[in-house]
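Trainee: coords please:
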Amino acid sequence: MKETHLIRILKCGLYITAFVPLVIFKDFISPFHFGKIVVFRSLIEILFAFYIVLVWKNRSYLPKTNSIFWSLSAFTTVFGLTSIFSIQPYESFWGTLERMGGFLSFVHYFIFFIILISVFRTEKDWHRFLNVSIFVGLLSALYGFGQKTDISFFVGSGNRARIFGTIGNAALFAGYELMIAFLSLMFWARSSSSVSQKLFYGFSFAIASIAVLMTAARGSILGLGLGLFVFAVLYVWAYESRAAKNIVVAFVLFSILFFLGSQIFKNTAFVENSRYLRRVTDLSLTSYTVQTRFWAWEAGLKAWDDSAKTIFLGWGPENFNIPFSKNFNPKFFQGPGSETLFDRAHNMFVEVLVTMGIIGLAAYASIFISLFRSLWVKIKKASKEQAIFFIGLFSLFISNIVHIAFFFDITANFILFFIVAGFAFFITTEVIKEKPNKESGNAKKLSNLQVLSLIAFLLMASWLIIVINIRPAKANYATTRAIVNGWSGNLKGAAEKFKEALGYNTLGVYEYRHRFAQFIFENSNKLDPSVISLGINEVSKNAESHPDDYLPLLYLSRLNILLGKNDPNSPYNDKAAEYALKALDISPTFVRTYYELGQAYINKRDLGKAAESFRKAAELNPDVGISYWYWGIIEADRGNVGLAASLIEKGFNTPIHFSPSESEYQRLLQFYFKINSYKGLTDILEKMISKYPDNPDYHAKLATVYSQTGRIEAAVEQAKIAAQLDPSFLQEAQSFIQSIGGKW
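Mentor: Residues are numbered from 1 along each chain as shown. As a prediction, the model looks like this:
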């Protein structure tokens, strides 16, 4: 093998990595992120083996350095340092199954960057590679458009309100397409681009920009607008373009008109009838989505100064959920099913400060400082042909900063960011003036030792791929098979697959244990108690390895509640309450834990403590109606009928209304019948009919209640509806109407 062969292999491998953003493992948990990082890491591990031998053969392929290189090196180093001192080092190193981040993955991004800037040494190399990246972004955007259809080929299809392409999340997709848009614009504006090239770049820019708009991610749309404004201003300054100056003026006027229009027409039917327009025109800082961002940032910042360690080194990468939980804002809880766990701050600067401390934030900020400084210096000195690259990248990073101020980056975004950072490194160093080495040394064969070493490195890479990529993939797939078996009713098969997944004891085992617990919750009445006990044993491992995490304790409380529900004296109920109280020690304002604690006390028939638990839940967020429902039902069972009635009524009148299930409505009917409350019966039956209008029994019951309260005409009307819905009611309805003095 020759040196030139190594270079060709590396370049080929880099081109393959450019296509990683298109990877989707649809039959896996986290299908849009897991597959991408598994493939990317495997590729980088193989390429690194070739790169080591290339550098051994020719030291000129060691990376050159400048401020961009050193800032990325510094942040990677700090990432590793803060992972060592993390509150949960395992997550900091491996990342989580949902996001696939962690130090291990970030090191791969940095190695990717090193190989890029070392192997691509000419403008031609870089322009080809960026063209491929733009093409990939175009494919991802077109895939996103496919999600507006009902074509099953497109994962996530079904006329989605907000598309997410091959990235899996609308906001993440918007951040990815933002960079594609500015790369396309940059090459489109280059004077030397041919007509066909301009058509391609113009089309790519338009498609990427439309994709960003179709995500309805307001922070990203703002980033697009601000980035375009900066691009136009810099273009005017560098090229003294009258047309660009007119575009700047038009853009400012459009922005003003859009803002005024969004405020004037936001309450019109035209806007209200469109989910998209409602979202993009909602610029209020008090909207729920914006508020959740503020609450998350506030929770993280409150915990940041917990100690000298957290101030300087943070809580550890991938561990934002810990400080978030410690300072949980009860307003997040909107009832069952609400999003109450933020594993990211949704602001990269807050995220880095909280998880990596001042040192991490300084290193992270230095990346953008070095990028902007290097590009700005070159804009003033560049030729007319080269200036567009500095202007384009400067604008791209401006838009990226706006985007990450409201969200975060993940695999596809990081890959493209490091590609763009690599190009920025290339055009801001003297490398751009260098010619590729034409010496005969390039044609020399590798020595026998180098060949043997390459084989050894590839074997090591293969072992690494098996351990950190293939093994986690097997565990992931086994878990999804377990979930699918559970959906199809094959509970035994599901349990076996969960056992298989847990047996790998690899990345994701924390999540797999909780998935197993969720399977038990959904099928508890059909499972053998031994399966529930196994679930408790597995989740206990999470609690032991994550002593600062309330979530395993919450799962343990629920699992023990299942085992103790039929026996007030069961020790499982005591354990359930114990775990819930431990969870409250970690996150004292987490509303849902009080529900578990209350249920544990209900199992124990300790209704006084159960009522107290639900009372605390209601006090933490008084806007949530279901808390009053639970509290009211307990008070009814305690005989406090007056208090119970007022609490249940309050549950229906809170800003976040209580919406009972049909069985819960039936229970309310029994309660109001028991206390002989015609007002309560009327309210509940009217609500039931509104929700279940085709049930004749509810109309018949309401007719009876109306007759008892003197509303004869309304009673007659309801009796007639009951008879129309079910003819078997006809004779009974006629007799009823006659008995109350009504007319058929």
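Trainee: from here on, contacts and neighbour counts on C-alpha atoms
Mentor: Noted.
Trainee: what about A232, neighbour count?
Mentor: Using other Cα atoms under 10 Å, A232 is surrounded by 24 other residues.
Trainee: Surely it is in contact with N246?
Mentor: No - proximity of A232 to N246 does not meet the contact threshold set by Cα atoms under 8 Å, at 9.4 Å.
Trainee: Roughly how far does the residue nearest to the spatial centre of the chain sit from F106?
Mentor: The centre of the chain sits closest to N169, judged by Cα atoms, centre = their mean, with a distance of 6.7 Å. Counting by Cα to Cα, to the nearest Å, the separation of N169 from F106 is 20 Å.
Trainee: Same question for L172.
Mentor: For L172, the distance to F106 equals 17 Å [Cα to Cα].
Trainee: out of these two, which sits in the busier spot?
Mentor: Between L172 and F106, L172 has the larger neighbour count (other Cα under 10 Å), namely 26 against 22.
Trainee: And the pLDDT for that one?
Mentor: Per-residue pLDDT puts L172 at 95.
Trainee: host element of it?
Mentor: Assigned by DSSP states H and E, L172 belongs to helix 170-188.
Trainee: so how far is that helix from its chain's centroid?
Mentor: 20 Å (Cα atoms, centre = their mean, to the nearest Å).
Trainee: switch to numbering from 733
Mentor: Will do, 733 is the new start, and the previous item becomes helix 902-920.
Trainee: That one: which residues count as buried?
Mentor: For helix 902-920, a neighbour-count test (16 or more other Cα atoms under 10 Å) marks 902-920 as buried.
Trainee: Can you list the low-confidence ranges for the stretch 983-1132 of the chain?
Mentor: Scanning the stretch 983-1132 of the chain for pLDDT under 70 picks out 991, 994-995, 997-999, 1001-1018.
Trainee: How many neighbouring residues does the residue nearest to F983 when sequence neighbours are not counted have?
Mentor: Closest residue to F983 apart from its sequence neighbours, by Cα to Cα, 6 or more residues apart in numbering: F961 at 7.1 Å. For F961, the number of neighbouring residues by other Cα under 10 Å comes to 19.
Trainee: Surely F961 is in a helix?
Mentor: Yes - assessed by DSSP: H, G, I helix; E, B strand; the rest coil, F961 belongs to a helix.
Trainee: thinking again about what came up before, can I get the helix holding L904 as CSV, trimmed to CA atoms?
Mentor: These are the backbone C-alpha positions of helix 902-920, laid out as CSV (Å, rounded to 0.1, in the frame of the first residue of the first chain):
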residue,chain,number,x,y,z
ALA,A,902,-38.2,20.4,13.9
ALA,A,903,-35.8,22.8,15.7
LEU,A,904,-32.7,20.6,15.3
PHE,A,905,-33.6,20.3,11.6
ALA,A,906,-34.0,24.0,11.3
GLY,A,907,-30.5,24.5,12.8
TYR,A,908,-29.1,22.0,10.3
GLU,A,909,-30.8,23.6,7.3
LEU,A,910,-29.7,27.1,8.4
MET,A,911,-26.1,26.1,7.8
ILE,A,912,-27.0,24.6,4.4
ALA,A,913,-28.8,27.8,3.4
PHE,A,914,-25.8,30.0,4.1
LEU,A,915,-23.4,27.6,2.5
SER,A,916,-25.6,27.6,-0.6
LEU,A,917,-25.9,31.4,-0.5
MET,A,918,-22.2,31.9,-0.2
PHE,A,919,-21.4,29.8,-3.3
TRP,A,920,-24.3,31.3,-5.2
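Trainee: What's the first helix or strand after that helix?
Mentor: Following helix 902-920 in sequence order, the next helix or strand is helix 927-947 (DSSP H and E).
Trainee: tell me which strands and helices that next one is in contact with?
Mentor: helix 855-878, helix 902-920, helix 950-971 (3 or more Cα pairs under 8 Å, 6 or more residues apart in numbering; DSSP states H and E).
Trainee: Which of those helices sits closest to W1027?
Mentor: Nearest to W1027 among the helices and strands packed on helix 927-947 is helix 950-971; the distance by Cα to Cα comes to 16.9 Å.
Trainee: Give me the residues contacting that closest one.
Mentor: Residues from elsewhere that reach helix 950-971, judged by Cα atoms under 8 Å, 6 or more residues apart in numbering: 903, 906-907, 910, 941, 944-945, 973-974, 976-977, 979-980, 983, 1011-1012, 1111-1112, 1116, 1119-1120, 1123-1124, 1126-1128, 1130-1135, 1137-1138.
Trainee: If anything else comes up later, I'll come back, but that's it for now.
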